[in-house]
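J.: only geometry, no sequence info:
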């Protein structure tokens, strides 16, 4: 039995006992019990909403826990609320906002993030030098930045900058605090992605280069060995992500040799992490993503055969993950996108001037099959009752592409 499963069962048993105890009161439950319930509901909700672990990611169940936690907190008199209680409530709103983000409900996502920020800013007025509060505020600004960036709204860079300012205060020069360094790494990563999205590639390059410098201070040194990969899994993950992001911007800048080198480095690190943690759902997902990135680079630089090889290797890992948990939204998204990437390989071949008409027809048929496979992945999510906006959008996009392919006279007919 896995550690997280054991933790979940333990937390759930604790919550059930507390709920049973609360039901024995005909009037309001005691403050101490309400405080325990708030904490227990958040803990169970966090695990149920975990999208990085097989057979979790149950957003509906998690949101119900968070909803109950908020109602529980509202029953505690404001005079009785302690700092820890308010931070718990803010974290509940964070968790709810994260899940609303996955379900495509941008309004509720931002509403919960701003509620969390409101709680933390109010606490900070009386505790300006509290490092715990500074860190909590940093994550509030980061989350709001993420939501605004995903929605395409302005203000994301401002939120990210506020988060970075706080992270720098918590990680002064020459600090050896690994957690503070990783928080600073996250902020530079967010800033870099925002800069890359806005087309400011040189600034993005600086931010991602800073990510590499930071992660090398707290992550295991290269080359990795199995013990390092097992004992410092998050630090190792940050390593491969840093090199991958650096390669993304180098590809945009047409610095192809550097981009290839860093994509290869990212793939190697992800492979070593997976080799040491083969049973780890996240490690396998990361390797699939690293292979997908390498495939994208190959296709962008004309290496169609190599791109297909990397995409197929990635596909094998994602399909294996689906056999472990075919309801995980995150994995479904990756799997559907991978089928679309393979379709683009076949489209690239179909548009080649050096093939016969029969070969061209076959490539269009292959592209059609890949797009259909992508559609099937998204459709399975919709049939399961999913309301994810991203699923609906992807389905329609694939349907439109298939209709265009089918409209090509003589290509798919016969």
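T.: Looks like it came in fine. Predicted, not measured: the structure shown is a model, and the values here were computed from it.

J.: just checking, what packs against the one helix or strand residue 340 maps to?
T.: Using DSSP states H and E, residue 340 sits within helix 329-350. Helices and strands touching helix 329-350, by 3 or more C-beta pairs under 8 Å, 6 or more residues apart in numbering; DSSP states H and E, are helix 281-300, helix 304-324, helix 357-383, helix 389-407. C-betas here are computed from N, CA, C, even on glycine.

J.: tell me the angle that helix makes with helix 281-300.
T.: Compare the direction of helix 329-350 with that of helix 281-300 by axes from the mean of the first three to the mean of the last three C-alpha atoms, to 10 degrees and you get 20 degrees.

J.: distance from helix 329-350 to the middle of the chain?
T.: Helix 329-350 has its C-alpha centroid displaced from the chain centroid by 19 Å (C-alpha atoms, centre = their mean, to the nearest Å).

J.: report the inter-axis angle for it versus helix 357-383.
T.: Interaxial angle of helix 329-350 relative to helix 357-383 (the same axes, to 10 degrees): 170 degrees.

J.: so which residues of the stretch 151-300 of the chain form helices?
T.: Secondary structure of the stretch 151-300 of the chain by DSSP state H, counting those that start in this stretch: the helices cover 156-170, 178-197, 201-218, 226-231, 233-252, 256-276, 281-300.

J.: out of the ones you listed, flag the one nearest residue 369.
T.: helix 281-300 (17.8 Å; C-beta to C-beta).

J.: how about the closest one: buried residues?
T.: Under the neighbour-count criterion of 16 or more other C-beta atoms under 10 Å, helix 281-300 has 281-299 buried.

J.: my guess is residue 183 contacts residue 135, does it?
T.: Yes - using C-beta atoms under 8 Å, residue 183 makes contact with residue 135 at a distance of 6.6 Å.

J.: list residues touching both of these two?
T.: residue 170 (C-beta atoms under 8 Å, 6 or more residues apart in numbering).

J.: more neighbours, those two?
T.: Neighbour totals were compared for residue 183 and residue 135, and residue 183 leads with 23 against 18 (other C-beta atoms under 10 Å).

J.: now the more buried one. Nearest residue, chain neighbours left out?
T.: Excluding its sequence neighbours, the residue lying closest to residue 183 (C-beta to C-beta, 6 or more residues apart in numbering) is residue 167, at 5.0 Å.

J.: I'd like to know how many residues surround the one you found.
T.: Neighbours of residue 167 (other C-beta under 10 Å): 25.

J.: now swap in residue 185 and tell me
T.: 25.

J.: could you check the pLDDT of it?
T.: In this model, residue 185 is scored at 97, pLDDT.

J.: could you measure from it over to residue 176?
T.: 14 Å (C-beta to C-beta, to the nearest Å).

J.: by mean pLDDT, flag the weakest helix or strand of the protein.
T.: Least confident helix or strand, the chain: helix 389-407 with a mean of 64, by mean pLDDT, DSSP states H and E.

J.: give me the residue at the spatial middle of this protein.
T.: Computing the C-alpha centroid of the chain and ranking residues by C-alpha atoms, centre = their mean puts residue 330 first, at 7.6 Å.

J.: ok, residue 171 touching residue 178?
T.: No - in this structure, residue 171 is not within contact of residue 178 by C-beta under 8 Å, at 9.9 Å.

J.: which of these two has more neighbours?
T.: Neighbours were tallied for residue 171 and for residue 178 using other C-beta under 10 Å; the higher tally belongs to residue 171 (22 against 15).

J.: about what we covered before: now the helix holding residue 340 and helix 304-324, what's the angle there?
T.: Going by the same axes, to 10 degrees, helix 329-350 makes 150 degrees with helix 304-324.

J.: chain neighbours aside, what residue packs nearest to residue 264?
T.: residue 294 (7.3 Å).

J.: what sits against the one you found?
T.: 263-264, 267, 310.

J.: again, 10 Å this time
T.: Taking C-beta atoms under 10 Å, 6 or more residues apart in numbering, we find residue 294 in contact with 244, 247, 260, 263-264, 266-267, 270, 303, 306-307, 309-311, 313-314.

J.: do the same with residue 40
T.: 11-12, 14-19, 65, 69, 72.

J.: would you map out the domains in the protein?
T.: 201-289, 314-414 (automatic domain parsing).

J.: for these, give me a markdown table that also has distance to residue 37.
T.: Formatted as a markdown table, those follow (distance: least, C-beta to C-beta, whole Å):
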| stretch | distance to residue 37 |
| --- | --- |
| domain 201-289 | 30 |
| domain 314-414 | 28 |
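
J.: tell me which of these sits most buried.
T.: domain 201-289 (a mean of 19; mean count of other C-beta atoms under 10 Å).

J.: pLDDT averaged over that one, what's the number?
T.: 91.

J.: straight-line length of it, end to end?
T.: 22 Å (C-alpha to C-alpha, to the nearest Å).

J.: give me the low-pLDDT residue ranges for this protein?
T.: Scanning the chain for pLDDT under 70 picks out the ranges 1-3, 51-57, 152-153, 379-399, 405, 408-414.

J.: go with 50
T.: Counting by pLDDT under 50, the low-confidence segments of the chain come to 1, 382-391, 409, 411-412.

J.: what residues do residue 171 and residue 178 have in common as contacts?
T.: Both residue 171 and residue 178 are contacted by residue 217, under the criterion C-beta under 10 Å, 6+ apart.

J.: for the domains of the chain, which one sits closest to residue 76?
T.: Among the domains of the chain, the nearest to residue 76 by C-beta to C-beta is domain 314-414 (31.8 Å).

J.: show me the contacts for residue 317.
T.: 274, 283-292, 331, 334-335, 338.
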